[in-house]
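Participant: No sequence on hand, only this structure:
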């Protein structure tokens, strides 16, 4: 590969927004994931569980696209197995459609699924949301859950950034 080709390749990689992404490690929960440039992490407690909320940099991403990214560790339910959870997502449930993508990796103990759900917002307006949901059974006491959600009409625009976050979520034993 010539020197010019290397420079062009390096320039293309650096021009990509995800090339500037950083690795984030939460000091309390030891959860780590890729954080795109400009995105911020805020920790909160929901139902006595520490949840990391990843906030996009622009107001229109938070408002019009209604991006919501949450990552956390929780105790799995008594019957939570990857195959049972995958079967649950394959079936519609209330306002949630059957998942259009379900992949179980038994070796890694990981379930990745995509589905859409709907909800009413102000003035009885029905909004369809697209979800990328990653569940990893760490052991019988811990389950890592990462959920990236946006309005269905906007999900494609922010897909790469949300995939970078949710698909990279891992728990570090250190």
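Facilitator: Perfect, I can see it now. Because the structure is a prediction, the values reported are computed rather than measured.
Participant: And the longest strand anywhere in the chain, what does it pack against?
Facilitator: Taking DSSP state E as the criterion, the chain has its longest strand at strand 125-139. Secondary-structure packing of strand 125-139 (3 or more Cβ pairs under 8 Å, 6 or more residues apart in numbering; DSSP states H and E): helix 82-90, strand 110-121, strand 142-151, helix 152-166, strand 170-171. The C-beta positions use only the backbone N, C-alpha and C, and glycine is treated the same way.
Participant: Can you pull out the low-pLDDT segments for the chain?
Facilitator: 1-21, 174 (pLDDT under 70).
Participant: Who does the longest strand of the chain pair with, and is each partner parallel or antiparallel?
Facilitator: strand 110-121 (antiparallel), strand 142-151 (antiparallel) (DSSP bridges).
Participant: among the ones you listed, which is nearest residue 28?
Facilitator: For the strands paired with strand 125-139, proximity to residue 28 was assessed by Cβ to Cβ; strand 142-151 is nearest, at 13.7 Å.
Participant: what angle do that closest one and helix 152-166 make?
Facilitator: Here strand 142-151 runs at an angle of 150 degrees relative to helix 152-166 (axes from the mean of the first three to the mean of the last three Cα atoms, to 10 degrees).
Participant: For strand 142-151, buried residues please.
Facilitator: By neighbour count on 16 or more other Cβ atoms under 10 Å, the buried set for strand 142-151 is 143, 144, 145, 146, 147, 148, 149, 150, 151.
Participant: Just put those in JSON lines and tack on distance to residue 99.
Facilitator: What follows is the buried residues of strand 142-151, written out as JSON lines (distance: Cβ to Cβ, whole Å):
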{"residue": "143", "distance to residue 99": "18"}
{"residue": "144", "distance to residue 99": "19"}
{"residue": "145", "distance to residue 99": "15"}
{"residue": "146", "distance to residue 99": "16"}
{"residue": "147", "distance to residue 99": "13"}
{"residue": "148", "distance to residue 99": "14"}
{"residue": "149", "distance to residue 99": "14"}
{"residue": "150", "distance to residue 99": "16"}
{"residue": "151", "distance to residue 99": "18"}
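Participant: Brilliant, that's me finished.
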